[in-house]
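Undergrad: pasted the sequence and its predicted model underneath.
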Amino acid sequence: MQEQLKQLQQEALDKIEQAQELKELNDIRVAYLGKKGPITEVLRGMGKLSAEERPVMGALANEVREAIATAITSKQEHLEQIAVEQKLAKETIDVTLPGRPVRVGNHHPLTAVLEEIEDLFLGMGYQIAEGPEVETDYFNFEALNLPKGHPARDMQDSFYITEELLLRTHTSPVQARTMEKHEGKGPVKIICPGKVYRRDNDDATHSHQFTQIEGLVVDENIRMSDLKGTLEVFAKKMFGEEREIRLRPSFFPFTEPSVEVDVSCFSCGGKGCNICKGTGWIEMLGAGMVHPNVLQMAGFDPEKYSGFAFGIGAERIAMLKYGVDDIRHFYTDDVRFLKQFKRA
Ligand SMILES: [Zn+2]
């Protein structure tokens, strides 16, 4: 029996020595130390032994078990260590390799132009006002001197949602909303940048959604010359210090008088070229003195207060500034187009 146990121990230790994987070790553990293993089997035969022999054999059996268990544990630690080392070797990072290039994006040209215009007017003491894109008929039209049935409503084809709600056709309703909040007390000095919507067929110069920046100043003694001076600063900042502007009479229902504002051509300096269509001037924006009806509807006394307003098309400014020939480039997310505008 003693011989048998010694033999089992040697056999187990040999197998442990040769084991290459943790699973193999576990199989050995089950085979030799398990309830159905050969050592248990040997111990079952102890009943036949004499009272003197029994404790000796018991002690020996325990020694054998112990030896096998210890060998398994130590081999297990060894195998685990090897596994960790292999994993580390496989996942080694070569820190001397050059990194993958990170692609840095840049501002969308429209965003860049908007921010430039906002900075300019903030520097002149204006505040930025915002309003909803889904607007009521009242703020979009009526409060701006465009009562229902007014023929000039046709100048702006609209997306109506219900009879009283529409996608705003300009950012002018923000003016009306802001003036109402002032409860008849000046000064009001705001710009309102935002998206506007019109039922236009999209082509090189038209888009059913575009971006407008409305400007409004209301105070005592605001004159046409204040408007001209302000827009001159704007034109010079956007298109160069040598630029001049000219005002031409025009019509908008919410301003009286109304003007169309041109800037002297930045390409030919006024001699005439294809950008200015030979005239030396480029249409820049529409503006005018706030109509007394608009002041009155917003709660301002037109006898005491006057004001001017202007509406800048951000796409038009961006197209002129960057020489973009199709408004749709701004909305089609073509990376080849967008990556030409480098971060400043
Ligand atoms: Zn020109």
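TA: Arrived safely, thanks for sending.
Undergrad: neighbours around the residue nearest to residue 156 when sequence neighbours are not counted, how many?
TA: Residue nearest to residue 156 in three dimensions, not counting chain neighbours: residue 169, with 4.0 Å by Cβ to Cβ, 6 or more residues apart in numbering. Any C-beta I mention is one placed from the backbone N, CA and C, and that applies to glycine too. Number of residues near residue 169 (other Cβ atoms under 10 Å) recorded here: 21.
Undergrad: does residue 169 count as helix, strand or coil?
TA: With DSSP: H, G, I helix; E, B strand; the rest coil as the basis, residue 169 sits in coil.
Undergrad: for it, give me its contacts.
TA: 140, 156-158, 196-198 (Cβ atoms under 8 Å, 6 or more residues apart in numbering).
Undergrad: residue numbers of the stretch 151-300 of the chain in contact with the ion?
TA: 265, 267-268, 273, 275-276 (Cβ under 5 Å from the ion).
Undergrad: what's the helix or strand for the nearest residue to residue 2 once chain neighbours are set aside?
TA: Excluding its sequence neighbours, the residue lying closest to residue 2 (Cβ to Cβ, 6+ apart) is residue 60, at 6.4 Å. Using DSSP states H and E, residue 60 falls within helix 53-90.
Undergrad: just after that helix, pick out the following helix or strand.
TA: helix 109-123.
Undergrad: what helices or strands is that next one leaning on?
TA: Applying 3 or more Cβ pairs under 8 Å, 6 or more residues apart in numbering; DSSP states H and E, we find helix 109-123 packed against strand 188-197, strand 209-219, helix 224-239, helix 314-322.
Undergrad: quick one: the helix or strand harbouring residue 288 to chain centroid distance?
TA: Using DSSP H and E, residue 288 sits in strand 281-290. Distance, stretch centre to chain centre, for strand 281-290: 33 Å (Cα atoms, centre = their mean, to the nearest Å).
Undergrad: strands paired with it, and their directions?
TA: Partners of strand 281-290 in the sheet, by DSSP bridges, are strand 255-264 (antiparallel), strand 306-313 (antiparallel).
Undergrad: partner residues bridging residue 281?
TA: residue 264.
Undergrad: can you count the residues close to the closest residue to residue 37 other than its chain neighbours?
TA: Spatial nearest neighbour of residue 37, excluding adjacent residues (Cβ to Cβ, 6+ apart): residue 31 at 6.0 Å. Residues lying near residue 31 (other Cβ under 10 Å) number 13.
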